[in-house]
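A.B. asks: Predicted structure and sequence below. I'll ask about it afterward.
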Amino acid sequence: MLRKIIKGVRNRFYRFYLYQKNKVLLDNNKRIENTKTGKRCFILGNGPSIKDQDILKLKNEETFVINNFWNHPNYLEFNPKYYVFIDDNTFTSSDNKNNYWKAEFIRNAPFVSRLPTKFFFHINAKNLIDLKGFFPSNDVYYLVFNGFFRENLNFNIDISRVIPNTKNVVVAAIITAVYMGFEEIYLLGCEHSFLAVPNKYDVADHFYKTKEYNSNNPEDIKYYEPDPTTSYETLMHDTKILFQNYRLLKTKLASEKPRVRIYNATPNSFLDVFPFVKFEDIKP
């Protein structure tokens, strides 16, 4: 019991340390708090259904995109309003696999910064962004993560402070959208069918195919090496944590933000935490 108490105190102290260390950047997030109260938004994942949907119908909507959405052929015309990228391994890891993703980010940052998109990054991205001088004309915000989603709902969803580690970027995008005041949120491209394809967790379920998309860059392809040793048990464990993230966030929002409604408009999605709707039934 004493050990558990000591660990809890240590964790709280470390979160306070992270908050103080990044307070200026976190205070900057307050500029967007409740700026979209009562509005609706669309969060687009990178699932395969995206390639079959006419996303240009949403070009005048409030839209969030994530990770490698720059691969979409209509990216510039679509003109997403917000971009969330929180995979800190892209910016901190030195292993070959993540060097590939870092190279992808460096290559595409000038491309996506051509639009007036607002960007949300993991705090670990700041050094690279500052070093390269990326996004000079865009609004850039940073998220700081520590801790976990807990069944007692004792976790924070205010992005002007430290928020729990999210198992994937869509969860972080939902938290960000809620902080901005959006109350009607639709998820697209969120199949979450990781376990339906054996041993292809890293490459399945995208609207693009990484190797094909970068086939003209053989020097970069050599860094992309899906880990064939990852066990199905590990994938099940990770997927369970992800679905717990969604469930606990939904429960937290029901308590603290009861006006928020989240719908999954992804066809054939495994993500049943939120009610399903058809994309074509969403009224303009």
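C.D. replies: Looks like it arrived, so ask away.

A.B. asks: In contact with the closest residue to residue 171 other than its chain neighbours, which residues?
C.D. replies: Here the nearest residue to residue 171 in space, its sequence neighbours aside, is residue 245; by CB to CB, 6 or more residues apart in numbering that works out to 4.9 Å. Yep, even glycine has a C-beta here, placed from its N, CA and C like the rest. Each residue near residue 245 by CB atoms under 8 Å, 6 or more residues apart in numbering is listed here: 149, 166, 167, 168, 171.

A.B. asks: ditto for residue 101
C.D. replies: 87, 89, 90.

A.B. asks: doesn't residue 136 fall inside a strand?
C.D. replies: No. Counting by DSSP: H, G, I helix; E, B strand; the rest coil, residue 136 is not found in a strand; it is coil.

A.B. asks: Next, work out how far apart it and residue 184 are.
C.D. replies: For residue 136, the distance to residue 184 (CB to CB, to the nearest Å) stands at 33 Å.

A.B. asks: for the chain, what spans make up the helices?
C.D. replies: 2-21, 23-28, 75-78, 89-92, 96-112, 126-132, 169-180, 210-213, 218-221, 232-256 (DSSP state H).

A.B. asks: from these, which stretch is densest packed?
C.D. replies: Among the helices of the chain, helix 169-180 has the highest mean neighbour count (mean count of other CB atoms under 10 Å), at a mean of 24.

A.B. asks: and that helix, what other elements does it pack with?
C.D. replies: strand 40-44, strand 63-66, strand 82-85, strand 118-122, strand 184-188, helix 232-256 (3 or more CB pairs under 8 Å, 6 or more residues apart in numbering; DSSP states H and E).

A.B. asks: How about residues contacting that helix?
C.D. replies: In this structure, residues lying in contact with helix 169-180 by CB under 8 Å, 6+ apart are 29, 32-36, 41, 43, 45, 64, 66-67, 82, 84-87, 120, 143, 157-160, 163, 166, 185, 187, 190, 242, 245-246, 249, 253, 257, 260, 262.

A.B. asks: now the residues you listed: which count as buried?
C.D. replies: Neighbour-count burial (16 or more other CB atoms under 10 Å) is assigned, among the contacts of helix 169-180, to 29, 32, 36, 41, 43, 45, 64, 66-67, 82, 84-87, 120, 143, 157, 159-160, 163, 166, 185, 187, 190, 242, 245-246, 249, 253, 260, 262.
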